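Participant: sequence unavailable; structure follows:
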């Protein structure tokens, strides 16, 4: 972690940080308004998070991850770009969804390039499984969306299978077209494309 990243955490964590501690969150109190809230799971360096938040100031963003240097980078961007509608949560996304977010409280959930766990014996560690999807869907408001992206084709196939099996979701995009215009290309994505990987975006909407 750089000195500036550490300073950003010291300065902005009290106002923009959330500890995943199991205590229910009142999102209207957390953000100070009644605007819709999107949860981003695994924000990495925060590059895409900040870009999307800057383009949509009327939507609150709760970004959760467990990588400390990434917190500093995202908080730096929050401070320099004036992204007061972004909050950063430290901890496990499943715990956050299960214990701290009320049913129907989210306008959307974004999961960009989660760990594909490519080895067969590790597939059970993948985030997008039936149990997770059931929990995530329960936190979406009617009309809310679940947007996942991966550059690992076997994981994309599993995601499609699991998401298609959730009866309350409908696919709004066939997942084989170009990257949605509102999702910026990430550093991780560029590295995958340079290796010849195919990027798949899947966007599902709650009926």
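Facilitator: Nice, I can see it. Keep in mind that this is a model prediction, so the values were computed, not measured. Numbers count the residues shown, from 1 in each chain.
Participant: for the rest of this, base every contact and every neighbour count on C-alpha atoms.
Facilitator: Fine.
Participant: for this protein, name the helix or strand with the lowest mean pLDDT.
Facilitator: helix 187-194 (a mean of 82; mean pLDDT, DSSP states H and E).
Participant: tell me which stretches of the protein form strands.
Facilitator: 17-19, 37-41, 60-65, 86-90, 106-112, 140-150, 169-171, 200-206 (DSSP state E).
Participant: and the pLDDT for the one residue sitting closest to the centre of the chain?
Facilitator: Nearest residue to the geometric centre of the chain (C-alpha atoms, centre = their mean): residue 40, 2.0 Å. In this model, residue 40 is scored at 98, pLDDT.
Participant: thought it was touching residue 106?
Facilitator: No - using C-alpha atoms under 8 Å, residue 40 is not in contact with residue 106, being 10.7 Å away.
Participant: what is the orientation angle of the least confident helix or strand of the chain with strand 106-112?
Facilitator: 50 degrees (axes from the mean of the first three to the mean of the last three C-alpha atoms, to 10 degrees).
Participant: just checking, what packs against helix 187-194?
Facilitator: With contacts defined as 3 or more C-alpha pairs under 8 Å, 6 or more residues apart in numbering; DSSP states H and E, helix 187-194 has no helix or strand neighbours.
Participant: quick check: which ranges of this structure have low pLDDT?
Facilitator: Applying pLDDT under 70 to the chain flags the ranges 173-178.
Participant: residue contacts, the residue lying closest to residue 106 once chain neighbours are set aside?
Facilitator: Residue nearest to residue 106 in three dimensions, not counting chain neighbours: residue 140, with 4.7 Å by C-alpha to C-alpha, 6 or more residues apart in numbering. Neighbouring residues of residue 140 by C-alpha atoms under 8 Å, 6 or more residues apart in numbering: 103-109, 206.
Participant: coming back round to it: please render the strands of the chain as CSV that adds distance to residue 159 to the earlier fields.
Facilitator: Output for the strands of the chain, formatted as CSV (distance: least, C-alpha to C-alpha, whole Å):
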stretch, distance to residue 159
strand 17-19, 29
strand 37-41, 15
strand 60-65, 20
strand 86-90, 25
strand 106-112, 11
strand 140-150, 8
strand 169-171, 12
strand 200-206, 8
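Participant: out of those strands, deepest packed?
Facilitator: When you average the neighbours per residue for each of these (mean count of other C-alpha atoms under 10 Å), strand 60-65 leads with a mean of 25.
Participant: quick one, it and strand 37-41 angle?
Facilitator: Using the same axes, to 10 degrees: strand 60-65 against strand 37-41 is 20 degrees.
Participant: now the angle from strand 60-65 to strand 86-90?
Facilitator: 20 degrees.
Participant: make 41 the starting number, not 1.
Facilitator: OK, 41 is where the count begins now, so the last one is strand 100-105.
Participant: from the contact counts, what lies against strand 100-105?
Facilitator: Contact here means 3+ C-alpha pairs under 8 Å, 6+ apart; on that basis strand 100-105 packs against strand 77-81, helix 87-95, strand 126-130.
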